[in-house]
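> Below are the sequence and a predicted model; questions follow.
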Amino acid sequence: MKHECDFVTFERNKIHAAIQVCYHLNEDNLDREIKGLIEAMAFFKIKEGLILTYMSTKLKIEKLLFNLFGNG
């Protein structure tokens, strides 16, 4: 893996979701956070990922929910 992901969650002994945590999400780090999340989701073959942030700039994002396979 080229990028990093902060956490994964387990449900019934299986990895369920990937989580990125970022204090300040902005245009400078958004790409890095998304790439790490998507790479972890593909590696573990999971459908759910989450980016949690305390604050963001112009993006106005408090949390992003990504679904790699489009199953919302």
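Received, thanks. Residues are numbered from 1 along each chain as shown.
> Would you mind confirming that residue 52 makes contact with residue 23?
No. Between residue 52 and residue 23 there is no contact under CB atoms under 8 Å: 9.7 Å. C-beta: built from backbone N, CA, C; applies to glycine.
> Looking at those two, which one has more neighbours?
Between residue 52 and residue 23, counting by other CB atoms under 10 Å, residue 52 is the more crowded of the two (15 against 10).
> wait, what's in contact with that one?
Residues near residue 52 by CB atoms under 8 Å, 6 or more residues apart in numbering: 19-22, 63.
> can you tell me the helix or strand for it?
Residue 52 belongs to strand 48-56 when assigned by DSSP states H and E.
> for the chain, what spans make up the strands?
Remark: strands assigned in the chain by DSSP state E are 7-11, 14-25, 48-56, 63-67.
> would you turn these into JSON lines with distance to residue 40 and mean pLDDT?
Listed next are these as JSON lines, based on distance: least, CB to CB, whole Å; pLDDT from 0 to 100:
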{"stretch": "strand 7-11", "distance to residue 40": "7", "mean pLDDT": "93"}
{"stretch": "strand 14-25", "distance to residue 40": "4", "mean pLDDT": "91"}
{"stretch": "strand 48-56", "distance to residue 40": "7", "mean pLDDT": "82"}
{"stretch": "strand 63-67", "distance to residue 40": "11", "mean pLDDT": "45"}
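> Columns distance to residue 35 on top of those, output as CSV?
Shown next, in CSV, are those (distance: least, CB to CB, whole Å):
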stretch, distance to residue 35
strand 7-11, 16
strand 14-25, 10
strand 48-56, 11
strand 63-67, 11
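> Compare those and report which one is nearest to residue 32.
strand 14-25 (9.0 Å; CB to CB).
> tell me what the closest one is packed against?
Helices and strands touching strand 14-25, by 3 or more CB pairs under 8 Å, 6 or more residues apart in numbering; DSSP states H and E, are strand 7-11, helix 30-44, strand 48-56.
> out of those, which comes closest to residue 1?
Among these, the nearest to residue 1 by CB to CB is helix 30-44 (5.6 Å).
> what's the average pLDDT for that closest one?
For helix 30-44, the mean per-residue pLDDT is 92.
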